[in-house]
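In: structure of the sequence below:
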Amino acid sequence: MKLDSKLFDRIRVKPDKDRLDEDIFPPCQHPGCARPGTHKAPQGRDREGQYFFFCIDHVRDYNKTYNYFTGMDDDAVRVYQKDALTGHRPTWKMGVNKEAAQGPDGHDPRTNARPRAYARHGGTTHTRDRKLLALEKRSFDVLNLSEKARGDEIKARYKELVKLNHPDANGGDRSSEDRLRQIIQAYNVLKKAGFC
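Out: Residues are numbered from 1 along each chain as shown. Here you go, the predicted model:
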């Protein structure tokens, strides 16, 4: 029995990596090279998914000179790059391709969905209130409003509190300035969140 047989390479404590690579990988496709082709290199445009197999030295040389757009003029490169933005798939302007919005039989499945859902819930619409953020809850507390308050109610309370806490209304007393700042910030938070 030969102790340097390939059968023993996988169970050796320190296997010979080059011999293992020779068994696993095809030979390097660079002319005159017999090393294993451990690295894939793309073959080029119009041959996507096809690769050359090179050793590490030859794949470095190949990558230095590789250009996907070789043979294309500048206009063709621009067109390719523009199409690449959409993944080379056709696109339409809004409303132009109405057939794509409909099902394969020409019927839009969404046309009857809303009336059926409305009828299923007993003819009442249920608007879900989104969960309030901590800052929004604090803003409602500063304005002394319930979390259900909306629009005109928030504006009216804001105006009322600004009039009460403004230094001019208090005879020039600047002690309520911090409270006024809190009220203004709370109103701005609720306004930005779309409550008023």
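In: quick check: phi and psi at Pro36.
Out: Main-chain dihedrals, Pro36, degrees, to the nearest 10: phi -70, psi 140.
In: just checking, it touches His58?
Out: No. Contact criterion CB atoms under 8 Å: Pro36 and His58 do not qualify, at 11.4 Å. Bear in mind the C-beta positions are built from the backbone N, C-alpha and C, glycine included.
In: can you check which residues contact both of these two?
Out: Cys28 (CB atoms under 8 Å, 6 or more residues apart in numbering).
In: burial measure for Lys93, as a count.
Out: By other CB atoms under 10 Å, 6 other residues sit near Lys93.
In: tell me the pLDDT at it?
Out: Per-residue confidence for Lys93 comes out at a pLDDT of 74.
In: the longest helix anywhere in the chain: how far from the chain's middle?
Out: The longest helix of the chain (DSSP state H) is helix 177-193. Remark: helix 177-193 is offset 33 Å from the chain centroid, using CA atoms, centre = their mean, to the nearest Å.
In: stretch 72-79 now?
Out: With CA atoms, centre = their mean, you get 29 Å for stretch 72-79.
In: output the below-cut-off pLDDT ranges for this structure.
Out: Scanning the chain for pLDDT under 70 picks out 1-23, 95-110, 123-129.
In: tell me which stretches of it form helices.
Out: All helices of the chain, identified by DSSP H, fall at 17-24, 56-65, 74-84, 98-101, 113-120, 134-142, 151-165, 177-193.
In: could you dump these into a markdown table and include distance to Thr91?
Out: A markdown table is the format used below for these (distance: least, CB to CB, whole Å):
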| stretch | distance to Thr91 |
| --- | --- |
| helix 17-24 | 44 |
| helix 56-65 | 33 |
| helix 74-84 | 10 |
| helix 98-101 | 11 |
| helix 113-120 | 26 |
| helix 134-142 | 39 |
| helix 151-165 | 40 |
| helix 177-193 | 34 |
